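Colleague: just the structure for this:
(2 chains)
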Amino acid sequence: GENVEQHPSTLSVQEGDSAVIKCTYSDSASNYFPWYKQELGKRPQLIIDIRSNVGEKKDQRIAVTLNKTAKHFSLHITETQPEDSAVYFCAASGTTTDSWGKLQFGAGTQVVVTP
Amino acid sequence: DAGITQSPRYKITETGRQVTLMCHQTWSHSYMFWYRQDLGHGLRLIYYSAAADITDKGEVPDGYVVSRSKTENFPLTLESATRSQTSVYFCASRLPGGNTEAFFGQGTRLTVV
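Modeller: A predicted model of the protein is given here:
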């Protein structure tokens, strides 16, 4: 089955700097890669996703890049703000019989933005 | 925050007791999932369901049972609770296919004493 690894596990940045979180996946059939943000005590919520026919996607201060050959994808947050402090999860999902519909998550990255 | 709800939000139970966590969604999503969240492990899939009466194991299914008699409900039962099952449990749902957004419930914090 799919295995998703996420690094780093914690990330401290100064307000205004950029943050980058990296994930690798094992199943070459995976074709959907969402990122979720979870604030303390809250549910995970989707912030951006990318499909395998796209190499990069941006939404204001966040962007995701995908390298299917290397089987890795990354989340980039620019001009970080204190409200970006949260746990971020990457995930992968595929369309093979074994992976159909399942979302496999990475272990998460705790991002702390200090003013 | 309509759409997918879990109950109870908090539960304390004793070792060996049976406990059921409820999940209800109003979107008629065919796919539903149960994850547990533990520090350092992220979100680990316990069970998932592709439709009513179709369920399958995830990566950590031992000690858990699910059923899905109706599309909108996906209860998770701990048959005989153990301390290692103390965790935060999240239910999620999504439309069919491999590239649709998954929506999460608010979570249930379960403590087994």
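Colleague: kindly list the longest strand within chain B.
Modeller: Counting residues, the longest strand in chain B under DSSP state E turns out to be strand B:42-51.
Colleague: residues of that strand that come out buried?
Modeller: B:42-50 (16 or more other C-beta atoms under 10 Å in any protein chain shown). In short, each C-beta sits where N, CA and C put it, glycine included.
Colleague: other SSEs contacting the helix or strand following it?
Modeller: Next helix or strand after strand B:42-51 toward the C-terminus (DSSP states H and E): strand B:54-57. Helices and strands touching strand B:54-57, by 3 or more C-beta pairs under 8 Å, 6 or more residues apart in numbering or on different chains; DSSP states H and E, are strand B:42-51.
Colleague: next up, the contacts around the residue nearest to the spatial centre of chain B.
Modeller: Closest residue to the average C-alpha location of chain B: B:W34 at 2.9 Å, with C-alpha atoms, centre = their mean. Residues near B:W34 by C-beta atoms under 8 Å, 6 or more residues apart in numbering or on different chains: B:21, B:23, B:45-48, B:58, B:64, B:66, B:74, B:76, B:89-92.
Colleague: likewise for A:K68?
Modeller: Residues counted as contacts of A:K68 (C-beta under 8 Å, 6+ apart) are A:28, A:52.
Colleague: put the alpha carbons of the longest strand of chain B into PDB.
Modeller: Extracted in PDB, the C-alpha atoms of strand B:42-51 (Å, rounded to 0.1, in the frame of the first residue of the first chain):
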ATOM      1  CA  GLY B  42      -0.300  11.700  12.200                       C
ATOM      2  CA  LEU B  43      -3.600  10.400  10.900                       C
ATOM      3  CA  ARG B  44      -3.800   6.600  10.700                       C
ATOM      4  CA  LEU B  45      -6.600   4.900   8.800                       C
ATOM      5  CA  ILE B  46      -8.600   2.400  10.800                       C
ATOM      6  CA  TYR B  47     -11.400   1.400   8.500                       C
ATOM      7  CA  TYR B  48     -13.000   2.800   5.400                       C
ATOM      8  CA  SER B  49     -16.200   2.300   3.400                       C
ATOM      9  CA  ALA B  50     -16.800   2.700  -0.300                       C
ATOM     10  CA  ALA B  51     -20.600   2.500   0.100                       C
END
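Colleague: what does the helix or strand that contains A:Y32 contact?
Modeller: Using DSSP H and E, A:Y32 sits in strand A:30-38. The contact list for strand A:30-38 (C-beta under 8 Å, 6+ apart) reads A:2, A:23, A:25, A:44-53, A:62, A:64, A:66, A:73, A:75, A:86-95, A:99, A:103, A:105, A:108, B:98-102.
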